[in-house]
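J.: everything below, folded, please.
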Amino acid sequence: MHDDFRAGQDSYEKAEKKLLEDACHRALEKGGKKKEEVQFFLSGDLSNQIISSSFTARTMAIPYLGILKPAPAPPW
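T.: Model prediction:
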């Protein structure tokens with residue numbers, strides 16, 4: 001889909017958002033759906049910050065449910 005690992009963006013964070021947006025558009029296209037038909041956007045990321053997925057959901061204007069890994073329980 002892209003010739004460089006930054007997807008033409010000037011930072012890794014913007015590239016991650018661009019790649020996720022492109023993946024969402026491709027999934028909608030392959031599924032024969034419009035974004036207005038999507039009830040919610042369920043996403044997270046490996047660094048447990050959900051920044052890129054939250055910005056992608058905002059850009060796509062789809063209700064968003066973010067997935068976060070719970071923090072470990074305190075040892076006491």
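J.: C-alpha only now, for contacts and for neighbours.
T.: OK.
J.: low-confidence ranges in the chain?
T.: 1, 48 (pLDDT under 70).
J.: what residue is smack in the middle of it?
T.: residue 53 (2.9 Å; CA atoms, centre = their mean).
J.: confirm that residue 18 sits in a helix.
T.: Yes: membership of residue 18 in a helix is supported by DSSP: H, G, I helix; E, B strand; the rest coil.
J.: how close does the nearest residue to it once chain neighbours are set aside get to residue 64?
T.: Excluding the flanking residues, the one nearest residue 18 by CA to CA, 6 or more residues apart in numbering is residue 7, at 7.0 Å. Residue 7 is 24 Å from residue 64, where distance means CA to CA, to the nearest Å.
J.: next one: residue 74
T.: Distance from residue 74 to residue 64, by CA to CA: 29 Å.
J.: ok, those two, which is more surrounded?
T.: Taking neighbours as other CA atoms under 10 Å, residue 74 and residue 64 compare with residue 64 leading, 18 against 5.
J.: so the more buried one sits against residue 40, correct?
T.: Yes: applying CA atoms under 8 Å, one finds residue 64 in contact with residue 40, separated by 5.6 Å.
J.: there's contact between residue 49 and residue 66 in this structure, I believe.
T.: No: contact criterion CA under 8 Å: residue 49 and residue 66 do not qualify, at 9.5 Å.
J.: now the strands for the chain?
T.: Remark: strands assigned in the chain by DSSP state E are 41-43, 64-66.
J.: could you export those strands as CSV, including distance to residue 20?
T.: Putting the strands of the chain into CSV (distance: least, CA to CA, whole Å) gives the following:
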stretch, distance to residue 20
strand 41-43, 10
strand 64-66, 14
